[in-house]
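Chemist: what's the 3D shape of this:
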Amino acid sequence: MKKTDISAEELLEKYSNMVYRLAYARTGNVDDAQDIVQEVFLKYIKANKEFHDEEHRKAWLLTVTANTGNSMMKSAWFRHRADFEEVESEDYYTPGIQENSGVYEAVQELSEKYRVVIHLFYYEELSIKEISTVLKTSENNVKSRLFRAREMLKKKLEGAEYEF
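Modeler: Below is the predicted model of the structure:
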């Protein structure tokens, strides 16, 4: 299956929320996540890559999103920029994430390495093996991060009652 088998509109409709959610899980910032989404889809267009199937396309997009987020977080500009308080506005929308839930807030409080594996495992429903491929780390590392993230979340949410 070639990249041209799917139109730009179909591609954005099908994958933009997935890419945005991972970018947001990585950065914790709406504006940075939106920048990453734009960059990922530009890289997709420039790559002119052939994909075996939709799973291959999805894995490629997730890998490029993770790598683009890593590059942004390591950039001198990102490390030295002033942190401004994000303006609370109805214009900001995080698709597929219930921001008012205590669970969501607890996940957002995790460090980036734990937040990303939680997101990929639970929101994107990737396997341990797929996550290790996307993040370019070992399966044991992914398992360890998931275990630690779950333990941290358990402690943060201990005694609280949430409806899912």
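
Chemist: Which residues are in contact with the nearest residue to Leu157 once chain neighbours are set aside?
Modeler: Take Leu157 and drop its neighbours on the chain: the residue closest to it by Cβ to Cβ, 6 or more residues apart in numbering is Ala106, 5.6 Å away. In this view, the C-beta of every residue, glycine as well, is placed from N, C-alpha and C. The contact partners of Ala106, taken as Cβ atoms under 8 Å, 6 or more residues apart in numbering, are 153, 156-157.

Chemist: Tell me the spacing between the residue sitting nearest the centre point of the chain and Lys154.
Modeler: The residue lying closest to the centre of the chain (Cα atoms, centre = their mean) is Leu22, at 1.0 Å. When Cβ to Cβ, to the nearest Å is applied, the distance between Leu22 and Lys154 equals 23 Å.

Chemist: quick one on the thing from earlier: please identify the buried residues of whichever helix or strand the residue nearest to Leu157 is part of?
Modeler: Here Ala106, judged by DSSP states H and E, is contained in helix 102-109. When burial is assessed from 16 or more other Cβ atoms under 10 Å, helix 102-109 yields the following buried residues: 106-107.

Chemist: Could you do stretch 113-130 as well?
Modeler: Neighbour-count burial for stretch 113-130, counted by 16+ other Cβ under 10 Å, picks out 114-121, 123-124, 126, 128, 130.

Chemist: I'd like these as a markdown table, with secondary structure appended.
Modeler: Output for the buried residues of stretch 113-130, formatted as a markdown table (DSSP: H, G, I helix; E, B strand; the rest coil):
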| residue | secondary structure |
| --- | --- |
| Tyr114 | helix |
| Arg115 | helix |
| Val116 | helix |
| Val117 | helix |
| Ile118 | helix |
| His119 | helix |
| Leu120 | helix |
| Phe121 | helix |
| Tyr123 | helix |
| Glu124 | coil |
| Leu126 | coil |
| Ile128 | helix |
| Glu130 | helix |
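
Chemist: of those residues, closest to Glu9?
Modeler: Within the set of the buried residues of stretch 113-130, Glu124 lies nearest Glu9; the separation is 21.8 Å, counting by Cβ to Cβ.
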